[in-house]
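> With the input below, show me the fold.
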Amino acid sequence: MLRRLIVIVSAAILFSNSLTLAQSKKPKPPDEFPPSPLEITTADPLLPRLPKDKQPLTLEERQKLEPALDALNQEAAAKMQAGDQVAAFEIWNRELRLRRFLGSLAEVQALSRVAAIAWNQNDSPEVKYITQRLQAIQKQAQSQKTTAQIDLELWRSLGQAYQNVRSPKLAVEAYDQVLLVVRQQKNLTAVVEILKTIGEIHLSWFDYRKAAPIYEELLGLATSQGERVNEVTYLQQLADIYEQTNQPQQSLNVLNKLAEIYVNENNLTEIPELKLAIASDYESLAKKDPNLLLEAFKNYQEAYTTAWQLKEYVRAGEALQKLIALYRSQGQTDEALQASQILVQIQAQAANFYGMMQAYDEIGQLYLERKEFPQALTAFQKGLELAQQLKHEEAYFTGQIEKVSKANL
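Down below sits the predicted model:
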């Protein structure tokens, strides 16, 4: 019995030891964040020296390395064309590791090129590696002490590269460095160029509030230089920005400037749409200041009148519809009826039968509000005739006619 107990205990000890050994030899989980292939430091046959050697390349060494790296780029492109994406990026990463020996600018330009490809191929790890390397180069560039030492071409290239990896914040940071220098240099052409680039980045990411001050500055510069075409372009851009950000007062300021320019240039074709936008802004502002409703009425009327003169019947109809809605909201039924009857004529001129049908419905509803049932019945019957032609909303108008007929008994 004792011997059997000793055997059992020994077996248990052996099992425990084997379990401990197995646990100690348990395979490690794969590295979630493998090292960047752009930071591999093993020797490369194309390098004249080991990577740890920080001495700059001689002219002769550069002349040998540059075409070799261009050849790697072409080889990688060929692999990608053949559908071997893994092999392609392995070659590109080798090229990128070696490009740093040609200087920061050459490296950033190559990183930017490959970044665009990686993004298009939805290669997130590669985009991440390139972004990390760009940030390292930026940090090194920022260590320079004075703006006089800033390499503008390098920072421009960094900005473009960050755009290619879809990092708008980093891109703007890079372009801000360029902007700082060109402002100090009083290089107005460069200032405008960089401001436009920054503004476009903000707009491409729908960051309208950050875009607004950029385009306000561009507008000020264009106005001071008498550049009318650019002035109009920036005003139009700002009008869209302030509409997107629901800032009616700022929008009004911009739209009124545009209207003044168009009137001075006798460019009346732009006026109807512009007046519609101005009226809409006044209508929004009137929620806090009802006195501004008069301006809304005035601008809707001007939009309609100008569109009618230009025979832009669709735009004229749009202005009248807005005007009718505003009249109704203020309980001005007579004015709404008069505008609705004009709207029927406008829609007829535009051959917009659906619009005519809706206008007759509007007239019918207005007469119903006034309890003038015969007139309402006539409007709905005319609406039904059009509905039957269009084969649309026939049941609705039939129902309205029945409703009015009963009410008229």
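
> and the gap between the residue nearest to the spatial centre of the chain and Leu65?
Relative to the mean C-alpha position of the chain, the nearest C-alpha, by C-alpha atoms, centre = their mean, is the one of Ser204, at 3.2 Å. The gap separating Ser204 from Leu65 is 36 Å, by C-beta to C-beta, to the nearest Å. C-beta: built from backbone N, CA, C; applies to glycine.

> Asn352 now?
69 Å.

> cool, Ala171 as well?
Look at Ala171 and Leu65: by C-beta to C-beta, they are 29 Å apart.

> Looking at these two, which is more packed in?
Ala171 (22 against 18; other C-beta atoms under 10 Å).

> so what's the more buried one closest to, chain neighbours aside?
Once flanking residues are discounted, Ala171 sits nearest to Tyr162: 3.7 Å by C-beta to C-beta, 6 or more residues apart in numbering.

> What is the strand or helix carrying the one you found packed up against?
Using DSSP states H and E, Tyr162 sits within helix 152-164. If you count contacts as 3 or more C-beta pairs under 8 Å, 6 or more residues apart in numbering; DSSP states H and E, helix 152-164 packs onto helix 104-120, helix 124-142, helix 168-184.

> how far away is Glu295 from Thr269?
23 Å.

> got it, and Leu343?
Taking C-beta to C-beta, one finds Leu343 at 22 Å from Thr269.

> Mind checking which of these two has more residues around it?
Leu343 (25 against 13).

> Now do the helix or strand hosting the more buried one, average pLDDT.
Using DSSP H and E, Leu343 falls within helix 333-349. For helix 333-349, the mean pLDDT works out to 95.

> name the helices or strands packed onto it?
Under the contact rule (3+ C-beta pairs under 8 Å, 6+ apart), helix 333-349 is packed against helix 313-329, helix 353-369.

> Nearest to Leu180, out of those helices?
Among the helices and strands packed on helix 333-349, helix 313-329 comes nearest to Leu180, with 45.7 Å by C-beta to C-beta.

> What residues of that closest one count as buried?
Buried positions in helix 313-329, judged by neighbour count with 16 or more other C-beta atoms under 10 Å: 313, 315-324, 326-328.

> what ranges do the helices span in the stretch 1-150 of the chain?
With DSSP state H, counting those that start in this stretch, the ranges of helices along the stretch 1-150 of the chain come out as 2-24, 59-81, 85-99, 104-120, 124-142.

> Select, out of the helices and strands packed on helix 152-164, the one closest to Thr333.
Across these, closest to Thr333 is helix 168-184 (C-beta to C-beta), at 51.8 Å.

> Report the angle between the helix or strand following the closest one and helix 152-164.
For helix 168-184, the succeeding helix or strand toward the C-terminus, using DSSP H and E, is helix 188-204. Angle of helix 188-204 versus helix 152-164, following axes from the mean of the first three to the mean of the last three C-alpha atoms, to 10 degrees, is 10 degrees.

> can you pull the buried residues of the helix or strand that helix 188-204 is followed by?
Counting by DSSP H and E, the next helix or strand C-terminal to helix 188-204 is helix 208-224. Neighbour-count burial for helix 208-224 flags 208, 210-212, 214-219, 221-222 (criterion: 16+ other C-beta under 10 Å).

> Tell me which other helices or strands helix 208-224 touches.
Checked by 3+ C-beta pairs under 8 Å, 6+ apart, helix 208-224 has helix 188-204, helix 228-244 packed alongside it.

> State the mean pLDDT of the next helix or strand after the last one.
Taking DSSP H and E as the definition, the helix or strand that follows helix 228-244 towards the C-terminus is helix 248-264. Averaging pLDDT along helix 248-264 gives 96.

> What's the separation between the residue nearest to the centre of the chain and Ala212?
Taken as C-beta to C-beta, the span from Ser204 to Ala212 is 15 Å.

> where does the stretch 251-400 of the chain dip in pLDDT?
Within the stretch 251-400 of the chain, no stretch has pLDDT under 70.

> The stretch 101-250 of the chain now?
Using pLDDT under 70, the flagged stretches of the stretch 101-250 of the chain are 145-149.

> repeat that with 80
144-150 (pLDDT under 80).

> To what extent is the spatially closest residue to Leu69 that is not a sequence neighbour buried, counted in neighbours?
Leaving aside its chain neighbours, Leu69 sits nearest to Glu95 (5.2 Å; criterion: C-beta to C-beta, 6+ apart). Using other C-beta under 10 Å, Glu95 has 22 neighbouring residues.

> my guess is Glu95 meets Leu72, correct?
Yes: the criterion here is C-beta atoms under 8 Å, and Glu95 meets it with Leu72 at 4.1 Å.

> sorry, back to before: Tyr234 is nearest to which of the helices and strands packed on helix 152-164?
So among these, helix 168-184 is nearest, using C-beta to C-beta, at 17.1 Å.

> what packs against the closest one?
helix 124-142, helix 152-164, helix 188-204.

> Quick check: Glu302 vs Tyr262, distance?
12 Å.

> quick one: which of those two has more around it?
Glu302 (19 against 16).

> need the contact list for that one.
271, 275 (C-beta atoms under 8 Å, 6 or more residues apart in numbering).

> switch to 7 Å and redo it
Glu302 makes contacts with Lys275, as judged by C-beta atoms under 7 Å, 6 or more residues apart in numbering.

> now Ile401
377, 380-381, 384.

> Can you add distance to Ala239 and give those residues back as JSON lines?
Output for the contacts of Ile401, formatted as JSON lines (distance: C-beta to C-beta, whole Å):
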{"residue": "Leu377", "distance to Ala239": "45"}
{"residue": "Phe380", "distance to Ala239": "40"}
{"residue": "Gln381", "distance to Ala239": "43"}
{"residue": "Leu384", "distance to Ala239": "42"}
